[in-house]
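Pasting the sequence and the predicted coordinates here, then a few questions.
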Amino acid sequence: MLLALALLLQDPFDSALPGLAQGRPFTVVAQDKWLFEDKFAAAPGKGYSWIRADAAASKVEKGALHLKALPGTIWEKTATQKNLLVRDVPAYKEDEGSIAVEVTVTNVMAVDGEQAGLMLYLDDDHYLKLCRERVGGKTQIVFAREVAGVAVCPVERNDPAASHKLRIRWEPNKVYAEMLPAGGPKWLVAGYCESPFRKPDGVKVALYACGGKADAPGWAQFTDFRVGHPAPVE
């Protein structure tokens with residue numbers, strides 16, 4: 001089933017499937033092993049930094065980070081998006097399993113293009129993002145990448161859940177988008193694409209919200225942010 005789904009959602013710019021050809025799309029680990037976790041008991045501090053910071057558009061309340069979905073984007077030639085919260089990928093050994101970043105996102109979106117989610121981020125022209133986004137009046141899970149200023153969306157999937165656990169799993173040559181809708185029984189593989197990063201040097205994990213109404217941007221909530229080696233999705 002996983003093989004069929006992955007083939008269906010294959011990136012049109014990617015023809016090599018070495019991991020899937022062997023029937024092992026993920027490096028197997030026996031159980032979750034987290035290298036970093038933040039329950040947002042306090043404001044982001046040591047290890048974090050902000051890109052185009054706007055202090056009035058972020059807050060921590062009751063174990064959640066809240067980011068205001070300010071207008072702006074880093075899509076292709078535009079670089080106006082504010083308040084990307086970033087931190088380095090923790091040091092890890094490849095034989096410990098694939099590295100992944102995950103977070104729970106809850107947001108109510110008022111306009112098309114409003115979104116909130118997570119990224120693997122090198123710079124404004126090289127990144128991967130997995131987010132909840134309003135598209136055509138509906139909530140979608142969107143998985144996109146940008147390489148050298150050229151952006152594509154391998155995955156756009158309607159899902160009306162009020163919140164989602166979102167996970168980006170980084171294999172040496174592929175990056176997988178995984179999702180767990182609120183109330184859902186198990187994680188799902190939404191799709192995958194070729195990695196824009198050949199090595200982890202300089203790559204950061206990021207949380208973000210953007211694309212809201214100019215006169216009244218909404219807030220997105222983030223909880224249970226963590227990075228490490230989760231067990232594979234079955």
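That came through fine. Numbering: from 1, shown residues only.

residues contacting Val103?
Gly117, Leu118, Lys165, Leu166, Leu207, Phe222, Thr223, Asp224, Phe225, Arg226 (CB atoms under 8 Å, 6 or more residues apart in numbering). (Glycine included, C-beta is placed from N, CA and C.)

Just give me the closest of these to Ala69.
Gly117 (10.9 Å; CB to CB).

Can you report how many residues lie near that closest one?
Number of residues near Gly117 (other CB atoms under 10 Å) recorded here: 26.

For it, give the beta-bridge partners.
Cys131, Tyr208 (DSSP bridges).

How about Ile168?
Taking DSSP bridges as the rule, Ile168 bridges to Val101, Ala177.

right, and it touches Lys174 too?
No. Between Ile168 and Lys174 there is no contact under CB atoms under 8 Å: 11.2 Å.

low pLDDT regions in the protein?
Applying pLDDT under 70 to the chain flags residues 1-30, 199.

can you pull out the helices in it?
Secondary structure of the chain (DSSP state H): helices located at 2-8, 18-21.

Just the buried residues out of the contacts of Val103, in ChimeraX syntax.
Burial among the contacts of Val103 is assessed by 16 or more other CB atoms under 10 Å; the matching ChimeraX selection reads:
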select :117,118,165,166,207,222,223,225,226
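
Can you add distance to Val147 and give the contacts of Val103 back as JSON lines?
Below are the contacts of Val103 laid out as JSON lines (distance: CB to CB, whole Å):
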{"residue": "Gly117", "distance to Val147": "18"}
{"residue": "Leu118", "distance to Val147": "18"}
{"residue": "Lys165", "distance to Val147": "26"}
{"residue": "Leu166", "distance to Val147": "21"}
{"residue": "Leu207", "distance to Val147": "21"}
{"residue": "Phe222", "distance to Val147": "26"}
{"residue": "Thr223", "distance to Val147": "30"}
{"residue": "Asp224", "distance to Val147": "29"}
{"residue": "Phe225", "distance to Val147": "25"}
{"residue": "Arg226", "distance to Val147": "26"}
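
check contacts around the closest residue to Trp75 other than its chain neighbours.
Excluding the flanking residues, the one nearest Trp75 by CB to CB, 6 or more residues apart in numbering is Ala151, at 5.6 Å. Taking CB under 8 Å, 6+ apart as the criterion, Ala151 is in contact with Trp75, Glu76, Ala144, Arg145.

how near is Ala151 to Asp124?
According to CB to CB, to the nearest Å, Ala151 stands 11 Å off from Asp124.

same check, this time on Ala55
21 Å.

can you pull the contacts of the residue lying closest to Gly183 once chain neighbours are set aside?
Excluding the flanking residues, the one nearest Gly183 by CB to CB, 6+ apart is Ala161, at 7.0 Å. Contact analysis of Ala161 by CB under 8 Å, 6+ apart lists Thr139, Pro181, Ala182, Gly183, Gly184.
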